[in-house]
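Undergrad: no sequence for this one, just the structure:
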(Lines give C-alpha, C1' and ligand atoms only; values in the text may rest on other atoms or scores of the structure.)
Protein backbone atom coordinates (compact mmCIF):
# COMPACT_ATOMS: atom_id res chain seq x y z
CA UNK A 1 0.00 0.00 0.00
CA UNK A 2 1.35 3.42 -0.96
CA UNK A 3 2.27 5.76 1.89
CA UNK A 4 2.66 9.53 1.86
CA UNK A 5 4.07 11.76 4.59
CA UNK A 6 2.89 15.35 5.07
CA UNK A 7 2.93 17.96 7.80
CA UNK A 8 -0.83 18.54 7.65
CA UNK A 9 -3.65 16.48 6.19
CA UNK A 10 -6.78 18.50 5.41
CA UNK A 11 -10.05 16.64 4.89
CA UNK A 12 -12.32 18.51 2.49
CA UNK A 13 -11.68 21.03 -0.31
CA UNK A 14 -14.52 23.46 0.40
CA UNK A 15 -13.93 27.05 1.60
CA UNK A 16 -12.79 25.88 5.03
CA UNK A 17 -10.22 23.42 3.71
CA UNK A 18 -8.95 25.79 1.03
CA UNK A 19 -8.42 28.64 3.49
CA UNK A 20 -6.42 26.38 5.83
CA UNK A 21 -4.44 24.92 2.93
CA UNK A 22 -3.61 28.32 1.41
CA UNK A 23 -2.37 29.65 4.75
CA UNK A 24 -0.26 26.63 5.66
CA UNK A 25 1.23 26.35 2.17
CA UNK A 26 2.20 30.03 2.30
CA UNK A 27 3.98 29.28 5.58
CA UNK A 28 6.05 26.54 3.96
CA UNK A 29 4.38 23.47 5.44
CA UNK A 30 3.64 20.39 3.35
CA UNK A 31 -0.10 19.92 2.93
CA UNK A 32 -2.37 17.35 1.31
CA UNK A 33 -6.08 17.97 0.81
CA UNK A 34 -8.30 14.89 0.49
CA UNK A 35 -11.71 15.45 -1.10
CA UNK A 36 -14.24 12.65 -1.61
CA UNK A 37 -16.10 14.43 -4.43
CA UNK A 38 -15.18 15.45 -7.94
CA UNK A 39 -15.40 19.20 -8.50
CA UNK A 40 -17.53 20.99 -9.48
CA UNK A 41 -20.15 19.52 -7.16
CA UNK A 42 -23.37 20.87 -5.71
CA UNK A 43 -23.46 21.94 -2.08
CA UNK A 44 -25.78 24.28 -0.19
CA UNK A 45 -24.66 27.44 1.66
CA UNK A 46 -24.72 29.94 -1.21
CA UNK A 47 -24.95 33.19 0.74
CA UNK A 48 -21.84 34.51 2.49
CA UNK A 49 -21.21 37.14 5.15
CA UNK A 50 -18.79 40.10 4.87
CA UNK A 51 -16.64 38.69 7.69
CA UNK A 52 -15.41 35.93 5.35
CA UNK A 53 -13.90 38.45 2.95
CA UNK A 54 -11.13 39.20 5.45
CA UNK A 55 -10.15 35.55 5.47
CA UNK A 56 -10.06 35.14 1.68
CA UNK A 57 -8.01 38.34 1.41
CA UNK A 58 -5.50 37.30 4.07
CA UNK A 59 -4.67 33.94 2.48
CA UNK A 60 -4.56 35.15 -1.13
CA UNK A 61 -7.87 33.70 -2.31
CA UNK A 62 -9.85 36.90 -2.86
CA UNK A 63 -8.75 37.70 -6.42
CA UNK A 64 -9.69 34.31 -7.88
CA UNK A 65 -13.19 34.70 -6.44
CA UNK A 66 -13.57 38.33 -7.47
CA UNK A 67 -12.71 37.36 -11.05
CA UNK A 68 -15.78 35.06 -11.15
CA UNK A 69 -18.18 38.04 -11.11
CA UNK A 70 -20.50 36.50 -8.56
CA UNK A 71 -23.53 38.49 -7.48
CA UNK A 72 -22.51 41.04 -4.87
CA UNK A 73 -24.43 40.91 -1.60
CA UNK A 74 -24.55 44.33 0.06
CA UNK A 75 -27.25 43.54 2.59
CA UNK A 76 -30.32 41.40 3.18
CA UNK A 77 -34.08 41.84 3.19
CA UNK A 78 -36.61 40.29 5.54
CA UNK A 79 -40.31 40.22 4.62
CA UNK A 80 -43.35 39.36 6.70
CA UNK A 81 -46.55 39.94 4.76
CA UNK A 82 -46.54 43.63 3.87
CA UNK A 83 -43.77 44.42 6.38
CA UNK A 84 -40.20 44.83 5.11
CA UNK A 85 -36.90 45.19 6.98
CA UNK A 86 -33.79 45.97 4.94
CA UNK A 87 -30.26 45.70 6.29
CA UNK A 88 -27.44 47.54 4.51
CA UNK A 89 -23.98 46.20 5.41
CA UNK A 90 -22.48 49.68 4.91
CA UNK A 91 -24.56 50.83 7.89
CA UNK A 92 -23.30 48.53 10.59
CA UNK A 93 -21.77 49.12 14.00
CA UNK A 94 -18.51 47.21 13.51
CA UNK A 95 -15.83 48.31 11.06
CA UNK A 96 -15.25 45.81 8.28
CA UNK A 97 -16.28 44.71 4.82
CA UNK A 98 -19.53 46.17 3.50
CA UNK A 99 -20.26 43.45 0.96
CA UNK A 100 -19.76 39.82 0.11
CA UNK A 101 -21.11 37.35 -2.48
CA UNK A 102 -24.10 35.15 -3.11
CA UNK A 103 -22.90 32.41 -5.44
CA UNK A 104 -23.51 28.86 -6.66
CA UNK A 105 -21.21 26.86 -4.44
CA UNK A 106 -20.25 24.46 -7.22
CA UNK A 107 -18.56 27.36 -9.07
CA UNK A 108 -17.38 29.12 -5.92
CA UNK A 109 -15.69 26.08 -4.41
CA UNK A 110 -14.11 25.05 -7.71
CA UNK A 111 -12.57 28.50 -8.10
CA UNK A 112 -11.01 28.15 -4.63
CA UNK A 113 -9.78 24.60 -5.25
CA UNK A 114 -8.31 25.51 -8.65
CA UNK A 115 -6.46 28.41 -7.07
CA UNK A 116 -4.82 26.43 -4.26
CA UNK A 117 -3.77 23.79 -6.80
CA UNK A 118 -2.28 26.58 -8.92
CA UNK A 119 -0.39 27.75 -5.84
CA UNK A 120 1.05 24.25 -5.42
CA UNK A 121 -1.27 22.51 -2.94
CA UNK A 122 -2.12 18.94 -4.04
CA UNK A 123 -5.77 17.86 -3.82
CA UNK A 124 -6.65 14.16 -3.97
CA UNK A 125 -10.13 14.33 -5.51
CA UNK A 126 -12.48 11.35 -5.24
CA UNK A 127 -10.63 9.87 -2.28
CA UNK A 128 -12.55 9.21 0.94
CA UNK A 129 -11.17 8.86 4.46
CA UNK A 130 -12.07 5.39 5.76
CA UNK A 131 -9.97 5.10 8.92
CA UNK A 132 -7.67 7.11 11.16
CA UNK A 133 -5.33 6.16 13.99
CA UNK A 134 -3.47 8.52 16.31
CA UNK A 135 -0.15 8.04 18.07
CA UNK A 136 0.07 11.19 20.14
CA UNK A 137 -0.36 14.02 17.67
CA UNK A 138 0.89 11.91 14.76
CA UNK A 139 -1.77 10.21 12.67
CA UNK A 140 -2.10 7.45 10.11
CA UNK A 141 -5.10 7.98 7.84
CA UNK A 142 -6.39 5.45 5.34
CA UNK A 143 -7.97 6.87 2.20
CA UNK A 144 -9.72 4.95 -0.56
CA UNK A 145 -10.94 5.76 -4.06
CA UNK A 146 -13.90 4.36 -5.99
CA UNK A 147 -11.79 1.68 -7.66
CA UNK A 148 -10.84 0.32 -4.25
CA UNK A 149 -7.25 1.54 -4.22
CA UNK A 150 -6.03 2.51 -0.75
CA UNK A 151 -3.30 4.81 0.51
CA UNK A 152 -1.89 5.66 3.92
CA UNK A 153 -1.28 9.32 4.79
CA UNK A 154 1.02 9.98 7.73
CA UNK A 155 0.54 13.48 9.12
CA UNK A 156 1.68 15.54 12.08
CA UNK A 157 -1.75 17.17 12.31
CA UNK A 158 -5.19 16.72 10.74
CA UNK A 159 -7.67 19.51 10.00
CA UNK A 160 -11.18 18.19 9.41
CA UNK A 161 -12.93 20.54 6.99
CA UNK A 162 -15.27 17.86 5.65
CA UNK A 163 -18.43 19.92 6.21
CA UNK A 164 -21.65 17.91 6.12
CA UNK A 165 -19.52 14.75 5.66
CA UNK A 166 -18.38 15.19 9.28
CA UNK A 167 -15.57 12.67 8.85
CA UNK A 168 -13.82 12.81 12.24
CA UNK A 169 -17.02 13.29 14.27
CA UNK A 170 -18.22 10.07 12.65
CA UNK A 171 -14.98 8.08 12.95
CA UNK A 172 -14.15 9.30 16.47
CA UNK A 173 -17.73 9.30 17.80
CA UNK A 174 -17.76 13.03 18.53
CA UNK A 175 -21.32 13.85 17.49
CA UNK A 176 -23.81 15.16 20.02
CA UNK A 177 -27.37 16.49 19.64
CA UNK A 178 -27.78 20.16 18.81
CA UNK A 179 -29.53 22.34 21.37
CA UNK A 180 -31.48 24.07 18.59
CA UNK A 181 -35.04 22.97 17.74
CA UNK A 182 -35.38 20.35 15.00
CA UNK A 183 -35.79 22.06 11.67
CA UNK A 184 -35.53 20.85 8.09
CA UNK A 185 -35.16 22.45 4.69
CA UNK A 186 -36.08 21.72 1.09
CA UNK A 187 -34.40 23.60 -1.75
CA UNK A 188 -33.62 23.79 -5.46
CA UNK A 189 -32.37 26.14 -8.20
CA UNK A 190 -34.49 27.76 -10.92
CA UNK A 191 -33.80 29.79 -14.04
CA UNK A 192 -35.18 33.13 -12.89
CA UNK A 193 -37.01 34.12 -16.09
CA UNK A 194 -39.29 36.60 -14.27
CA UNK A 195 -36.56 38.40 -12.34
CA UNK A 196 -37.32 42.12 -11.85
CA UNK A 197 -34.77 44.75 -12.84
CA UNK A 198 -32.39 46.29 -10.34
CA UNK A 199 -32.06 45.62 -6.63
CA UNK A 200 -35.50 44.05 -6.36
CA UNK A 201 -34.30 41.22 -8.56
CA UNK A 202 -30.88 40.59 -7.02
CA UNK A 203 -31.27 41.21 -3.28
CA UNK A 204 -31.19 38.15 -1.05
CA UNK A 205 -34.53 37.89 0.75
CA UNK A 206 -35.94 35.90 3.65
CA UNK A 207 -39.72 35.73 3.34
CA UNK A 208 -41.56 34.68 6.51
CA UNK A 209 -44.54 32.79 5.12
CA UNK A 210 -45.96 31.65 8.46
CA UNK A 211 -44.67 31.48 12.04
CA UNK A 212 -41.32 29.61 12.09
CA UNK A 213 -41.51 28.92 8.34
CA UNK A 214 -39.60 31.00 5.81
CA UNK A 215 -38.47 31.03 2.18
CA UNK A 216 -34.98 32.00 1.06
CA UNK A 217 -34.48 33.65 -2.32
CA UNK A 218 -30.82 33.95 -3.38
CA UNK A 219 -30.34 35.36 -6.92
CA UNK A 220 -27.09 34.54 -8.73
CA UNK A 221 -25.32 36.54 -11.43
CA UNK A 222 -25.76 33.64 -13.91
CA UNK A 223 -29.53 34.20 -14.09
CA UNK A 224 -30.40 31.36 -11.73
CA UNK A 225 -31.85 31.69 -8.25
CA UNK A 226 -31.64 29.41 -5.22
CA UNK A 227 -34.97 28.81 -3.49
CA UNK A 228 -35.34 27.06 -0.16
CA UNK A 229 -38.07 26.60 2.41
CA UNK A 230 -37.18 26.08 6.06
CA UNK A 231 -39.39 25.15 8.96
CA UNK A 232 -39.97 22.74 11.83
CA UNK A 233 -39.41 19.16 10.72
CA UNK A 234 -43.04 18.23 11.38
CA UNK A 235 -44.12 21.07 9.05
CA UNK A 236 -41.91 19.82 6.22
CA UNK A 237 -43.09 16.24 6.79
CA UNK A 238 -46.76 17.34 6.66
CA UNK A 239 -46.46 17.76 2.87
CA UNK A 240 -46.92 14.63 0.80
CA UNK A 241 -45.76 13.51 -2.64
CA UNK A 242 -42.34 13.76 -4.24
CA UNK A 243 -40.05 16.68 -3.43
CA UNK A 244 -41.12 18.65 -6.53
CA UNK A 245 -44.77 18.35 -5.54
CA UNK A 246 -43.97 19.24 -1.94
CA UNK A 247 -41.94 22.31 -2.89
CA UNK A 248 -44.50 23.56 -5.42
CA UNK A 249 -47.22 23.36 -2.80
CA UNK A 250 -45.14 25.09 -0.13
CA UNK A 251 -44.29 27.91 -2.54
CA UNK A 252 -47.96 28.90 -2.54
CA UNK A 253 -47.46 30.17 1.01
CA UNK A 254 -45.41 33.11 -0.31
CA UNK A 255 -47.72 35.90 -1.43
CA UNK A 256 -44.65 37.95 -2.38
CA UNK A 257 -42.87 35.38 -4.57
CA UNK A 258 -45.44 32.86 -5.77
CA UNK A 259 -46.27 34.64 -9.02
CA UNK A 260 -42.59 35.11 -9.86
CA UNK A 261 -41.70 31.43 -9.45
CA UNK A 262 -44.93 29.45 -9.90
CA UNK A 263 -44.27 28.51 -13.56
CA UNK A 264 -40.47 28.12 -13.57
CA UNK A 265 -38.87 24.71 -13.96
CA UNK A 266 -36.68 23.28 -11.23
CA UNK A 267 -33.05 22.79 -12.27
CA UNK A 268 -33.06 19.60 -10.19
CA UNK A 269 -35.54 17.78 -8.01
CA UNK A 270 -35.70 19.68 -4.72
CA UNK A 271 -33.43 18.23 -2.03
CA UNK A 272 -34.69 17.79 1.51
CA UNK A 273 -32.36 17.82 4.53
CA UNK A 274 -34.01 16.93 7.82
CA UNK A 275 -32.85 17.98 11.29
CA UNK A 276 -29.84 19.79 9.86
CA UNK A 277 -28.47 21.37 13.08
CA UNK A 278 -25.35 19.54 14.31
CA UNK A 279 -22.96 19.73 17.23
CA UNK A 280 -19.95 17.89 18.66
CA UNK A 281 -18.55 16.97 22.06
CA UNK A 282 -15.20 18.66 21.36
CA UNK A 283 -13.60 20.79 18.64
CA UNK A 284 -10.07 19.40 18.90
CA UNK A 285 -7.97 16.55 20.23
CA UNK A 286 -4.36 15.38 20.11
CA UNK A 287 -3.37 15.79 16.47
CA UNK A 288 -6.67 17.04 15.05
CA UNK A 289 -9.02 20.02 14.92
CA UNK A 290 -12.54 20.39 13.53
CA UNK A 291 -13.51 23.43 11.45
CA UNK A 292 -16.67 24.74 9.82
CA UNK A 293 -19.68 22.47 9.45
CA UNK A 294 -17.68 19.42 10.52
CA UNK A 295 -17.96 20.87 14.03
CA UNK A 296 -21.15 22.93 14.32
CA UNK A 297 -23.98 23.74 11.95
CA UNK A 298 -26.66 26.05 13.29
CA UNK A 299 -29.29 27.12 10.78
CA UNK A 300 -29.35 28.65 7.30
CA UNK A 301 -31.38 31.71 8.34
CA UNK A 302 -28.46 34.15 8.74
CA UNK A 303 -26.03 32.51 6.29
CA UNK A 304 -23.44 31.93 9.02
CA UNK A 305 -22.07 28.63 7.64
CA UNK A 306 -19.23 29.85 5.41
CA UNK A 307 -18.30 32.65 7.84
CA UNK A 308 -17.74 30.12 10.62
CA UNK A 309 -15.99 27.80 8.18
CA UNK A 310 -13.41 30.38 7.16
CA UNK A 311 -13.01 31.97 10.61
CA UNK A 312 -12.40 28.59 12.24
CA UNK A 313 -10.19 27.21 9.47
CA UNK A 314 -7.90 30.23 9.39
CA UNK A 315 -7.55 30.21 13.17
CA UNK A 316 -6.99 26.43 13.17
CA UNK A 317 -4.27 26.75 10.53
CA UNK A 318 -2.48 29.45 12.51
CA UNK A 319 -2.54 27.36 15.68
CA UNK A 320 -1.38 24.21 13.85
CA UNK A 321 1.53 26.15 12.33
CA UNK A 322 2.55 27.43 15.74
CA UNK A 323 2.36 23.97 17.28
CA UNK A 324 4.40 22.39 14.50
CA UNK A 325 7.04 25.10 15.04
CA UNK A 326 7.32 23.88 18.63
CA UNK A 327 5.25 26.58 20.33
CA UNK A 328 2.80 25.73 23.07
CA UNK A 329 -0.83 26.13 22.02
CA UNK A 330 -3.72 26.34 24.49
CA UNK A 331 -6.33 24.79 22.21
CA UNK A 332 -9.12 25.12 24.75
CA UNK A 333 -8.76 28.87 25.21
CA UNK A 334 -7.31 29.89 21.87
CA UNK A 335 -9.60 27.77 19.71
CA UNK A 336 -12.63 26.24 21.44
CA UNK A 337 -13.49 29.20 23.67
CA UNK A 338 -12.99 31.69 20.86
CA UNK A 339 -15.06 29.78 18.30
CA UNK A 340 -17.76 29.02 20.86
CA UNK A 341 -18.14 32.75 21.56
CA UNK A 342 -19.20 33.34 17.98
CA UNK A 343 -21.29 30.18 17.81
CA UNK A 344 -23.13 31.17 20.99
CA UNK A 345 -23.97 34.61 19.62
CA UNK A 346 -25.39 33.21 16.40
CA UNK A 347 -27.19 30.45 18.31
CA UNK A 348 -29.00 33.13 20.31
CA UNK A 349 -30.04 34.94 17.14
CA UNK A 350 -31.27 31.71 15.55
CA UNK A 351 -33.29 30.86 18.65
CA UNK A 352 -34.71 34.38 18.87
CA UNK A 353 -35.62 34.24 15.19
CA UNK A 354 -37.85 31.24 15.85
CA UNK A 355 -39.29 32.69 19.09
CA UNK A 356 -40.14 35.70 16.89
CA UNK A 357 -38.44 38.11 19.31
CA UNK A 358 -35.97 39.05 16.59
CA UNK A 359 -38.79 39.61 14.13
CA UNK A 360 -40.36 41.98 16.65
CA UNK A 361 -37.18 44.08 16.48
CA UNK A 362 -36.90 43.82 12.69
CA UNK A 363 -40.42 45.01 11.94
CA UNK A 364 -40.97 47.52 14.74
CA UNK A 365 -41.72 51.02 13.49
CA UNK A 366 -40.35 53.57 13.75
CA UNK A 367 -36.97 51.91 13.35
CA UNK A 368 -34.24 52.53 15.92
CA UNK A 369 -31.14 53.27 13.77
CA UNK A 370 -28.70 52.59 16.64
CA UNK A 371 -30.18 49.17 17.39
CA UNK A 372 -30.37 48.36 13.69
CA UNK A 373 -26.68 49.15 13.13
CA UNK A 374 -25.68 46.88 16.00
CA UNK A 375 -27.83 43.99 14.78
CA UNK A 376 -26.56 44.57 11.23
CA UNK A 377 -23.00 43.99 12.47
CA UNK A 378 -24.07 40.62 13.85
CA UNK A 379 -25.77 39.73 10.55
CA UNK A 380 -22.54 40.67 8.73
CA UNK A 381 -20.66 38.07 10.79
CA UNK A 382 -18.90 40.35 13.29
CA UNK A 383 -19.95 38.22 16.25
CA UNK A 384 -16.65 38.49 18.12
CA UNK A 385 -16.83 42.28 18.57
CA UNK A 386 -17.73 42.59 22.24
CA UNK A 387 -17.87 46.39 22.06
CA UNK A 388 -21.25 45.71 20.43
CA UNK A 389 -23.81 45.19 23.23
CA UNK A 390 -25.86 43.01 20.90
CA UNK A 391 -22.83 40.68 20.85
CA UNK A 392 -21.64 41.03 24.45
CA UNK A 393 -25.15 40.75 25.92
CA UNK A 394 -26.60 38.60 23.14
CA UNK A 395 -28.30 36.25 25.58
CA UNK A 396 -30.62 39.00 26.83
CA UNK A 397 -30.36 42.02 24.51
CA UNK A 398 -32.79 40.76 21.85
CA UNK A 399 -35.36 39.28 24.23
CA UNK A 400 -35.29 42.30 26.57
CA UNK A 401 -35.84 44.78 23.78
CA UNK A 402 -38.58 42.66 22.21
CA UNK A 403 -40.28 42.52 25.61
CA UNK A 404 -40.13 46.32 25.92
CA UNK A 405 -41.65 46.74 22.45
CA UNK A 406 -44.45 44.33 23.30
CA UNK A 407 -45.12 46.21 26.55
CA UNK A 408 -45.35 49.52 24.65
CA UNK A 409 -47.85 48.02 22.22
CA UNK A 410 -50.06 46.92 25.09
CA UNK A 411 -50.10 50.27 26.87
CA UNK A 412 -53.54 51.86 26.99
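TA: All right, it came through fine. What you see is a predicted model; the values in this text were computed from it and never measured.
Undergrad: hey, which helix is longest across this protein?
TA: Scanning the chain for the helix with the most residues, using DSSP state H, yields helix 305-324.
Undergrad: Quick check: mean pLDDT of that one?
TA: What helix 305-324 shows for mean pLDDT is 97.
Undergrad: How about stretch 285-295?
TA: Stretch 285-295 comes out at a mean pLDDT of 90.
Undergrad: Same check on stretch 149-166?
TA: For stretch 149-166, the per-residue pLDDT averages 95.
Undergrad: all helices of the stretch 301-412 of the chain, in order?
TA: Remark: helices assigned in the stretch 301-412 of the chain by DSSP state H, counting those that start in this stretch are 305-324, 331, 338-355, 357-363, 369-379, 389-392, 394-409.
Undergrad: Show me what the longest helix of the chain is packed against.
TA: Secondary structure elements in contact with helix 305-324, counted by 3 or more CB pairs under 8 Å, 6 or more residues apart in numbering; DSSP states H and E, are strand 2-11, helix 15-26, helix 51-58, strand 150-160, strand 288-290, helix 338-355. (C-beta placed from N, C-alpha, C; glycine too.)
Undergrad: These: lowest mean pLDDT?
TA: helix 338-355 (a mean of 94).
Undergrad: Who are the packing partners of it?
TA: Looks like helix 338-355 contacts helix 305-324, helix 357-363, helix 369-379, helix 394-409 (3+ CB pairs under 8 Å, 6+ apart).
Undergrad: Pull out the buried positions in that helix.
TA: 338-339, 342-343, 345-354 (16 or more other CB atoms under 10 Å).
Undergrad: give me the low-pLDDT residue ranges for the protein?
TA: Under the criterion pLDDT under 70, the flagged ranges of the chain are 411-412.
Undergrad: Now residue 32: which helix or strand?
TA: Under the criterion of DSSP states H and E, residue 32 resides in strand 31-35.
Undergrad: so how far is residue 176 from residue 155?
TA: Residue 155 sits 26 Å away from residue 176, going by CB to CB, to the nearest Å.
Undergrad: what's the answer for residue 283, then?
TA: Distance from residue 283 to residue 176, by CB to CB: 12 Å.
Undergrad: which of these two has more neighbours?
TA: A count of neighbours by other CB atoms under 10 Å puts residue 283 above the other of residue 283 and residue 176, at 25 against 12.
Undergrad: Mind checking which residue lies nearest the centre of the protein?
TA: With distances taken as CA atoms, centre = their mean, the residue of the chain nearest its centroid is residue 305 (1.2 Å).
Undergrad: Quick one: residues contacting that residue.
TA: 45, 292-293, 297-298 (CB atoms under 8 Å, 6 or more residues apart in numbering).
Undergrad: ok, 6 Å please
TA: residue 45 (CB atoms under 6 Å, 6 or more residues apart in numbering).
Undergrad: Residue 121 reaches residue 21, doesn't it?
TA: Yes. Assessed by CB atoms under 6 Å, residue 121 is found in contact with residue 21 at 4.7 Å.
Undergrad: if I look at those two, which residues touch both of them?
TA: residue 31.
Undergrad: ok, those two, which is more surrounded?
TA: Legend: neighbour count by other CB under 10 Å for residue 121 and residue 21, higher for residue 21 (32 against 23).
Undergrad: how much space is there between the more buried one and residue 139?
TA: 17 Å.
Undergrad: Tabulate the buried residues of helix 338-355 (CSV), appending distance to residue 209.
TA: Listed next are the buried residues of helix 338-355 as CSV, based on distance: CB to CB, whole Å:
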residue, distance to residue 209
338, 36
339, 33
342, 29
343, 28
345, 26
346, 23
347, 24
348, 24
349, 20
350, 18
351, 20
352, 19
353, 14
354, 14
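Undergrad: ok, how many other residues are close to residue 145?
TA: So residue 145, with other CB under 10 Å, has 14 neighbours.
Undergrad: Over to the one 3 residues further on?
TA: The burial metric for residue 148, expressed as a neighbour count using other CB under 10 Å, is 6.
Undergrad: tell me the domain ranges of this structure?
TA: When the chain is parsed with automatic domain parsing, its domains come out as 2-72+99-176+278-341, 183-273, 348-409.
Undergrad: Relative to the whole chain's centre, how far out is the shortest one?
TA: Relative to the centre of its chain, domain 348-409 is centred 21 Å away, using CA atoms, centre = their mean, to the nearest Å.
Undergrad: swap in stretch 149-159?
TA: Relative to its chain's centre, stretch 149-159 lies at 26 Å (CA atoms, centre = their mean).
Undergrad: can you list the residues that contact it?
TA: Under the criterion CB under 6 Å, 6+ apart, residues 1-10, 20, 139-144, 287-289, 316, 320, 324 lie in contact with stretch 149-159.
Undergrad: Enumerate every residue touching residue 288.
TA: The contact partners of residue 288, by CB under 6 Å, 6+ apart, come to 158, 168.
Undergrad: Span of stretch 327-334 from start to end?
TA: From its first residue to its last, stretch 327-334 covers 13 Å (CA to CA, to the nearest Å).
Undergrad: Which positions in that stretch come out as buried?
TA: In terms of neighbour count (16+ other CB under 10 Å), stretch 327-334 has its buried residues at 329, 331.
Undergrad: Other residues contacting it?
TA: With contact meaning CB under 6 Å, 6+ apart, stretch 327-334 is reached by 284, 319, 322-323.
Undergrad: which one of the residues you listed is nearest residue 380?
TA: Distances from residue 380 to those, taken as CB to CB, are shortest for residue 319 (24.9 Å).
Undergrad: okay, now the closest one: neighbour count?
TA: Neighbours around residue 319, by other CB under 10 Å: 19.
Undergrad: Return the residues in contact with it.
TA: Here residue 319 is in contact with 329, 335 (criterion: CB under 6 Å, 6+ apart).
Undergrad: Please report how far it lies from residue 271.
TA: Noted for residue 319: a distance of 35 Å to residue 271, by CB to CB.
Undergrad: cool, residue 205 as well?
TA: 20 Å.
Undergrad: And the two? Which one has more around it.
TA: Set residue 205 next to residue 271 and count neighbours by other CB under 10 Å: residue 205 wins out with 20 against 14.
Undergrad: correct me, but residue 394 touches residue 345?
TA: Yes. In this structure, residue 394 is within contact of residue 345 by CB under 6 Å, at 4.6 Å.
Undergrad: What is the neighbour count of residue 93?
TA: For residue 93, using other CB under 10 Å, the count is 22.
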